[in-house]
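>>> sequence isn't available, so here's the structure alone:
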């Protein structure tokens, strides 16, 4: 942590994400208005003292909707990456540790999944089943674990011939114990970097789906569907697209800065 704090960009990213998390958790007290309250006389008001980021077509406060939308976007990002890391870690550890036919089958499956364009797979699944927050989390997680699997496999292949692993085998440790107690803890560095960068990617995926109308459904606010609503009135209400676009940009950039800081720290070890 001391070394990481010496990286100014990583610190900026971490502080930005901490501020976003606090705002999302305290949305009920921070948001100046009810994000679902319709007020047609105030529709499409430009930013002013009462509405710092203006209002949308239904007179709803854009700032309040962005604050509540941070909850949805961050939640989807973290849970989707949690699913991806869990699946990728299991697949990569099994493939790297046991090798042979199991490694060949699992890696060919990974290659097959990587050959399918992720966005089209997401669109197809959600279009067939129907959009919901839970489905979006699961689908993004199920379509983004392959990179983690390759990382973990490579780390396991490098680690399993080390002396401490051979010593564990000699002392009679089971394969399960060797994997969980000796290999995976030492392989988590690159996975942590991948997970940090993956949260930003998951937020972008959710935003794309919501922008296309297949993500989080109105009136529940998310940055993607706020952006989609602003597209309709782009010529007369520029703030409806600028505000959520900056939120997405800032969050993804903060995750990338933090991930790069962790990667640079690990590369020096």
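Received the coordinates, thanks. The structure presented is a predicted model; accordingly, all values stated were derived computationally and were not measured. Numbering: from 1, shown residues only.
>>> return the list of helices and strands in contact with the helix ranked longest in the chain.
Longest helix in the chain, counting residues (DSSP state H): helix 62-98. With contacts defined as 3 or more C-beta pairs under 8 Å, 6 or more residues apart in numbering; DSSP states H and E, the packing partners of helix 62-98 are helix 8-25, helix 27-30, helix 100-115, helix 133-142, helix 146-159, helix 184-211, helix 223-232, helix 239-267. Every C-beta, even on glycine, is put in place using the N, C-alpha and C of the backbone.
>>> low-confidence stretches in the protein?
Applying pLDDT under 70 to the chain flags residues 1-4, 266-269.
>>> work out which residue lies at the spatial centre of it.
residue 199 (2.1 Å; C-alpha atoms, centre = their mean).
>>> roughly how far apart are the residue nearest to that residue when sequence neighbours are not counted and residue 222?
Excluding the flanking residues, the one nearest residue 199 by C-beta to C-beta, 6 or more residues apart in numbering is residue 77, at 4.2 Å. Computed as C-beta to C-beta, to the nearest Å, the residue 77 to residue 222 distance reads 11 Å.
>>> which one's more surrounded, the two?
Using other C-beta atoms under 10 Å as the criterion, residue 77 and residue 222 rank with residue 222 on top: 31 against 24.
>>> surely the more buried one and residue 216 touch.
Yes: if you go by C-beta atoms under 8 Å, residue 222 and residue 216 touch, sitting 4.0 Å apart.
>>> got any residues that touch both of these two?
72, 76, 206, 210 (C-beta atoms under 8 Å, 6 or more residues apart in numbering).
>>> isn't the first one up against residue 218?
When you say that, I think you mean residue 72. No: Residue 72 sits out of contact with residue 218 when judged by C-beta under 8 Å, with a separation of 11.8 Å.
>>> these two - which one has more neighbours?
Per other C-beta under 10 Å, whichever of residue 72 and residue 218 has more neighbours is residue 72, with 23 against 14.
>>> roughly how far is stretch 183-192 from the heart of the chain?
19 Å (C-alpha atoms, centre = their mean, to the nearest Å).
>>> typo on my end, stretch 123-136
With C-alpha atoms, centre = their mean as the basis, the mean position of stretch 123-136 lies at 17 Å from the chain mean.
>>> can you pull the buried residues of it?
123, 125-126, 131, 133, 136 (16 or more other C-beta atoms under 10 Å).
>>> and which of those residues is nearest to residue 57?
Of all the buried residues of stretch 123-136, residue 57 sits closest to residue 131, with 20.8 Å by C-beta to C-beta.
>>> can you pull the phi/psi pair for that closest one?
Main-chain dihedrals, residue 131, degrees, to the nearest 10: phi -80, psi 140.
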